[in-house]
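Chemist: Model the structure of this input:
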Amino acid sequence: MHLAASERIKLFSIATPWVCGAFALLALAVPAALTALTATESRLPPTVASTQFGSPFGLVAVLVLAGLAVTNEYRSGTIHGTFQAVPGRTPALVAKAAVVAGYAFLLGEAAAFAAWLVARVLAPDADLALDSLADWTIVAGTGVLFALAAVAAVGVGLLVRHTAGTVALLVLYPLAFENAVQLIPDAGPAIHRWLPLNVVAKFLSGTGEANAGRDGGNANVLSDSSLSPAWALAYFATFAVLALAAGITAARVRDA
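Modeler: Numbers count the residues shown, from 1 in each chain. Below you'll find the model as predicted:
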């Protein structure tokens, strides 16, 4: 418990979690407000899924937050004190991942439900009630996605260690890389089906039940993964754990 408390103090002693947290909240709330306000012009009634249209941008903020939680320690040199206090290194790094993931979970839940509430207030006549498993999953599942993504991002931070490289990778991957893979002739679509963020989108969106059966429109495009939502979540969780394990292994064998 003292390791978790130490990591919590280190995390919240810098501005990063507050700045990234505010960005994540705005990233979900602003698109939700826009889709609710422009529903008449777009002729697409707001749906529960459309309230979560900004989730990918909030995810980027969480990834950057988690990566910086690691690289800031390497940049400032405080990682040396951490490894001196915990020579085995693994418990300290696991505690760091757990604290960051916990904050990411709370942030994801707060942002997702805030976006949903904003849309309900601005479009009171729209059918935005959470009255199905699909509706609850796409909103409440955001915190789960953010937490697991934060675990993976901590692993990436441990592997890269440098702030610029970590931030560039964690920003470009979700915003560009997975979509760009589809442009590879012949093999691109097959590879894309198994990329982690595309797969976990199946967990959140399923087959579009929370978006009135639409694919895209004023909500995120559906995943082309062949996995069921439950297996998609398990797949992404495995990816996150493996990324963290790789990062911890690298941290144990390299000099701080």
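
Chemist: Which strands and helices lie in contact with the host helix or strand of Leu204?
Modeler: Using DSSP states H and E, Leu204 maps to helix 196-205. Here helix 196-205 touches helix 133-160, helix 229-253, going by 3 or more Cβ pairs under 8 Å, 6 or more residues apart in numbering; DSSP states H and E. All C-beta spots, glycine's among them, are computed from the backbone N, C-alpha and C.

Chemist: Can I get those helices in TSV including mean neighbour count?
Modeler: Shown next, in TSV, are those (neighbours: other Cβ atoms under 10 Å):
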stretch	mean neighbour count
helix 133-160	24
helix 229-253	18
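
Chemist: Not counting its neighbours along the chain, what's nearest Phe57?
Modeler: Distances taken as Cβ to Cβ, 6 or more residues apart in numbering place Ala27 nearest to Phe57, at 3.9 Å, with adjacent residues excluded.

Chemist: The one you found contacts Phe53, correct?
Modeler: No: using Cβ atoms under 8 Å, Ala27 is not in contact with Phe53; the gap is 9.8 Å.

Chemist: out of the helices and strands packed on helix 196-205, nearest to Arg43?
Modeler: Proximity to Arg43 (Cβ to Cβ) singles out helix 133-160 among these, at 21.9 Å.

Chemist: For Gly11, grab the count of nearby residues.
Modeler: No Gly there; residue 11 is Leu. Leu11 is flanked by 20 other residues according to other Cβ atoms under 10 Å.

Chemist: Quick check: the gap between it and Gly208.
Modeler: Distance of Leu11 to Gly208, given as Cβ to Cβ, to the nearest Å: 37 Å.

Chemist: Likewise for Phe177?
Modeler: As judged by Cβ to Cβ, Phe177 and Gly208 stand 24 Å apart.

Chemist: Have a look at the two and say which one is more surrounded.
Modeler: Shown here are Phe177 and Gly208; by other Cβ under 10 Å, Gly208 has more neighbours (20 against 12).

Chemist: Give the phi and psi angles for the more buried one, as a check.
Modeler: Phi and psi for Gly208, reported as degrees, to the nearest 10, are phi 90, psi 20.

Chemist: picking up where we left off before, list of residues touching the helix holding Leu204?
Modeler: For helix 196-205, contacts defined as Cβ atoms under 8 Å, 6 or more residues apart in numbering pick out 49, 52, 55, 59, 137-138, 141-142, 145, 148, 152, 173-174, 178, 192-193, 211, 219-220, 222-225, 227-230, 232-233, 235-236, 239.

Chemist: mind checking which helix or strand the residue lying farthest from the centre of the chain is in?
Modeler: Distance from the C-alpha centroid of the chain, by Cα atoms, centre = their mean, peaks at Gln84 (31.3 Å). Using DSSP H and E, the element containing Gln84 is helix 78-85.
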